[in-house]
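# build me a structure from this.
(one chain, ligands or ions: 1)
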Amino acid sequence: MEDGAKGRRKASVRDVRRANRALLLRHLLLARDSNRSEASEATGLSPTSVTNMVGELVAEGVVVEGGQLDSAGGRPRTIVTVNPDAAYVIGADVGEADVVTEIFDLTMTRIAARSRRFEERRISPEEVTRVIADSVAELLAEAEQVRGPDVAGRVLGVGVGVPGIVERPENLAGCGDPTLEPIVHAQVVGWDETDFAALAERLDLPLMIDNGAKTTTQAEAWFGAARGVDHAIVVLVGDGVGAGIITNGRLFRGSSSSAGEWGHTKISLDGPVCRCGARGCIESFVGASAVLAAWRGPDPSRAGHEMEDVEALLAAYHAGEERALAAMDLLVARLGVALSNLVNLYNPARIVLAGWFGDRIAEELLPDVRRSMVASSLPQPGREVALVRSQLGRSAVALGAATLPLDRFIEQGWPARPRAATDGRVRGWS
Ligand SMILES: [Zn+2]
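Residues are numbered from 1 along each chain as shown. Down below sits the predicted model:
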């Protein structure tokens with residue numbers, strides 16, 4: 001009985017220490033430059049705790065102290081910064097026609113990137129596995145040329161953002177028990193209950209998978225246009241359409257992590273048949289292919305060329321071509337209505353228009369979309385919400401995917417390596 005209580009007390013002391021360390025590390029990683037007193041203020045931790053934990057992080061090589069910051073009239077403060085080469089993370093953005101894989105250092109500075117485009121619209125999970133595994137090997141080799149020979153041994157993990165719903169994203173792929181693996185449901189690209197155990201096995205690194213809209217939202221919330229906003233929505237408009245919803249500072253997931261499938265909510269009783277099989281989905285009106293089809297009629301031979309064709313559409317729009325004007329007017333009207341549904345449902349303070357097509361729309365037509373959104377919103381939440389451009393642009397998805405292993409490192413510390421690949425060179429791994 002007493003042993004049990006003692007055990008629980010020990011466990012809870014450990015939990016509190018881990019939570020405090022996570023608070024401090026999150027602050028230091030996101031602030032880039034800080035100092036002990038600022039860290040104490042930002043986290044609510046006592047100056048003594050901060051001093052002790054900064055000491056531990058310095059010993060682990062995660063942060064470095066050095067340089068003085070003159071505070072107005074007060075004592076000069078020692079700057080605490082994250083050591084960029086303490087660890088690395090890799091993020092992969094699996095789009096519908098391309099896979100972008102990038103490696104970052106611990107300050108989330110991009111070191112190298114690989115991009116593969118596919119003519120085929122439906123990339124098979126096997127193809128994705130092969131491309132990501134090959135890209136990771138190339139990225140590690142390239143990063144070691146720039147940052148020294150220790151990069152591969154210091155990778156915290158690989159995060160992958162995929163289209164579709166990811167059930168149990170919190171469980172690592174290849175975690176051993178197939179009943180606990182994250183499962184990807186992406187009908188629109190033809191993936192039905194797919195797991196990525198094969199990729200985990202090939203990578204031999206911790207692997208984390210989540211929906212691409214959610215990883216983008218995480219990137220915008222940490223480093224971009226949704227930073228510091230407790231109630232924000234990041235909408236991703238590409239060929240597909242999705243959203244990530246932040247309420248009370250946390251990503252809203254729903255009961256099995258499918259929340260945010262805004263692209264498949266309906267704005268019409270009939271309308272075209274969506275890739276999900278239903279009619280009237282937002283995606284089938286405001287996705288890039290849908291808008292291009294409204295402009296010049298459906299043209300399957302142009303599948304895979306949406307980005308160039310959107311540029312042609314915008315050029316025609318600016319030249320005053322009648323069909324282009326009509327297509328863009330319809331897009332503004334429908335996107336405004338679709339966004340107003342988010343405004344009325346979630347009362348966000350900010351909506352970030354992201355995704356490759358969303359970013360182009362925002363660049364060209366943000367005030368028009370805002371007007372259209374406000375016109376369909378209830379007056380009070382409509383007045384309060386700001387509609388803004390993404391700050392990270394296209395790079396947000398891979399960056400967001402790379403925040404998955406980073407977040408895990410913040411919350412749980414160094415990962416257990418799935419193999420003895422580090423030759424004992426690296427401190428901190430169990
Ligand atoms: Zn749909």
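# quick one: residue 209 is in a strand?
Yes. Secondary structure assignment places residue 209 in a strand (DSSP: H, G, I helix; E, B strand; the rest coil).
# okay, now it: neighbour count?
By the criterion of other C-beta atoms under 10 Å, residue 209 has 29 neighbours. Using the backbone N, CA and C atoms, a C-beta is placed for each residue, glycine as well.
# from the ion, how far off is it?
In this structure, residue 209 and the ion are 22 Å apart, going by C-beta to the ion, to the nearest Å.
# verify the contact between that residue and residue 158 for me.
No. When contacts are counted by C-beta atoms under 8 Å, residue 209 is not listed as touching residue 158 (9.3 Å).
# which residues of the stretch 301-430 of the chain score low on pLDDT?
Low-confidence segments of the stretch 301-430 of the chain, defined by pLDDT under 70, span residues 417-430.
# the residue most central in space within the chain and residue 362, how far apart?
By C-alpha atoms, centre = their mean, the mean C-alpha position of the chain lies nearest to residue 215, the distance being 2.0 Å. Counting by C-beta to C-beta, to the nearest Å, the gap between residue 215 and residue 362 amounts to 19 Å.
# next one: residue 31
Taking C-beta to C-beta as the measure, residue 31 falls 28 Å from residue 362.
# residue 326: which element?
Assessed by DSSP states H and E, residue 326 sits inside helix 322-346.
# partners of the very next helix or strand once past that helix in the sheet?
Scanning forward in sequence from helix 322-346, with DSSP H and E defining helices and strands, the next element found is strand 350-354. Using DSSP bridges, strand 350-354 pairs in its sheet with strand 232-237 (parallel), strand 386-389 (parallel).
# and the first one, average pLDDT?
If I follow you right, that is strand 232-237. The predicted model assigns strand 232-237 a mean pLDDT of 96.
# before we move on, the earlier item: OK, contacts around the residue nearest to the centre of the chain?
Taking C-beta atoms under 8 Å, 6 or more residues apart in numbering as the criterion, residue 215 is in contact with 91, 93, 159, 161, 397, 400-401, 403-404.
# ok, which of those also contact the ion?
Applying C-beta under 5 Å from the ion, the subset of the contacts of residue 215 adjacent to the ion is empty.
# residue 249 contacts residue 230, correct?
Yes. Between residue 249 and residue 230 there is a contact at 4.6 Å, judged by C-beta under 8 Å.
# if you count surrounding residues, which of the two has more?
Set side by side, residue 249 and residue 230 show unequal neighbour counts under other C-beta under 10 Å, the larger going to residue 230 at 14 against 11.
# let's verify the more buried one: helix, strand, or coil?
Once three-state DSSP is applied, residue 230 turns out coil.
# over to residue 185?
Following three-state DSSP, residue 185 is assigned to strand.
# please name the bridge partners of it.
Applying DSSP bridges to residue 185, the residues it is bridged with are residue 165.
# still on that earlier bit, which of the residues in the helix holding residue 326 are buried?
Within helix 322-346, the residues scored as buried using 16 or more other C-beta atoms under 10 Å are 324, 327-328, 330-343, 346.
# which bits of the stretch 251-400 of the chain sit near the ion?
Where the stretch 251-400 of the chain comes near the ion, counting by C-beta under 5 Å from the ion, the residues are 264, 274, 276, 278, 281.
# recalculate using a threshold of 8 Å.
263-264, 274-278, 281-284 (C-beta under 8 Å from the ion).
# most widely separated two among those?
Spatially, the most separated pair among those is 277 and 282, at 14.8 Å (C-beta to C-beta).
# more neighbours: which of these two?
Set side by side, residue 277 and residue 282 show unequal neighbour counts under other C-beta under 10 Å, the larger going to residue 282 at 29 against 10.
# I'd like the distance between the residue nearest to the more buried one when sequence neighbours are not counted and residue 385.
Nearest-residue entry for residue 282: residue 338, 4.5 Å, with adjacent residues in sequence omitted and distances by C-beta to C-beta, 6 or more residues apart in numbering. Residue 338 sits at a distance of 14 Å from residue 385 (criterion: C-beta to C-beta).
# overlap in contacts of these two?
When contacts are counted by C-beta under 8 Å, 6+ apart, the set common to residue 338 and residue 385 is empty.
# mind checking the SS state of the closest residue to the ion within the stretch 1-150 of the chain?
Taking C-beta to the ion as the measure, the point where the stretch 1-150 of the chain comes nearest the ion is residue 96, at 14.0 Å. Taken by three-state DSSP, the conformation at residue 96 corresponds to coil.
# hang on, it packs against residue 186?
No. Taking contacts as C-beta under 8 Å, residue 96 lies outside contact range of residue 186: 9.3 Å.
# overlap in contacts, these two.
Contact criterion C-beta under 8 Å, 6+ apart; residues shared by residue 96 and residue 186: residue 163.
# residues of the longest helix seen in the chain that come out buried?
Among all segments of the chain classified by DSSP state H, the helix with the greatest residue count is helix 2-31. Of the residues in helix 2-31, those buried by neighbour count under the rule 16+ other C-beta under 10 Å are 20-30.
# can you give me the helices for the stretch 201-350 of the chain?
Assigned helices in the stretch 201-350 of the chain, in chain order: 212-223, 283-286, 288-296, 306-318, 322-346 (criterion: DSSP state H, counting those that start in this stretch).
# domain boundaries for the protein, per the record?
With automatic domain parsing as the criterion, the domains of the chain are listed as 2-82, 86-214+395-412, 227-391.
# isn't residue 292 up against residue 313?
Yes. Applying C-beta under 8 Å as the test, residue 292 and residue 313 come out as touching, 6.3 Å apart.
# ok, back up a step: tell me the most buried of the strands paired with strand 350-354?
Each of these was given a mean neighbour count from mean count of other C-beta atoms under 10 Å, and the largest, a mean of 30, is that of strand 232-237.
# close to the ion, is it?
No. Under the criterion of C-beta under 8 Å from the ion, strand 232-237 makes no contact with the ion; the nearest approach is 13.9 Å.
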